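Enquirer: sharing a sequence plus its predicted fold:
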Amino acid sequence: MESQLLAYDYPLLGAFWTVLWIFLWVLWFMLLFRIIIDIFRDDTMGGWGKAFWLIFVVFLPFLGVLVYVIARGKSMGAREIKHVQEQRADMDAYIRETAGTRSEADELSKLAQLRASGDITEAEYQVAKEKILR
């Protein structure tokens, strides 16, 4: 019976190259899906333009991705920034709506109650009042 040394049959450099190729494929698919999402997200492009880019990227992926990044890479970043800003504004609006906002009058009345009960001094009251009124 012949003994097998599996670790010797697959040297360290071979393992390194395998890991490198897997990493590059994952990176490639992330870029491909990112571009496809950007094609659908772009409001300035019409339906035929989106269809052309999508066909180009899907059927000639390496050339399509390269041309897309060269032709529309800068605006791709601007669209991503705009999308993140819109998400942030929506989240801030949701938080404000859910938490409820208090008016200055409510804050001042609570502050006056704290001063009347002796929890804060007159100087602390004046500092907090200035902060509220700013």
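Expert: All right, it came through fine. Residues are numbered from 1 along each chain as shown.
Enquirer: could you use CA atoms for every contact and neighbour count after this?
Expert: Will do.
Enquirer: the helix or strand that contains W25: which residues count as buried?
Expert: Taking DSSP states H and E as the criterion, W25 maps to helix 12-41. For helix 12-41, burial by neighbour count (16 or more other C-alpha atoms under 10 Å) applies to L32, I35, I36, D38, I39.
Enquirer: C-terminal to it, what's the next element?
Expert: Sequence order places helix 47-59 as the next helix or strand after helix 12-41, per DSSP H and E.
Enquirer: state the helix or strand in which the residue nearest to the spatial centre of the chain lies.
Expert: Central residue of the chain (C-alpha atoms, centre = their mean): V84, 5.7 Å from the mean position. V84 is part of helix 61-99 when elements are defined by DSSP H and E.
Enquirer: avg pLDDT for that helix?
Expert: Taken as a whole, helix 61-99 has a mean pLDDT of 90.
Enquirer: and F52, how many neighbours?
Expert: Neighbours of F52 under the rule other C-alpha atoms under 10 Å: 11.
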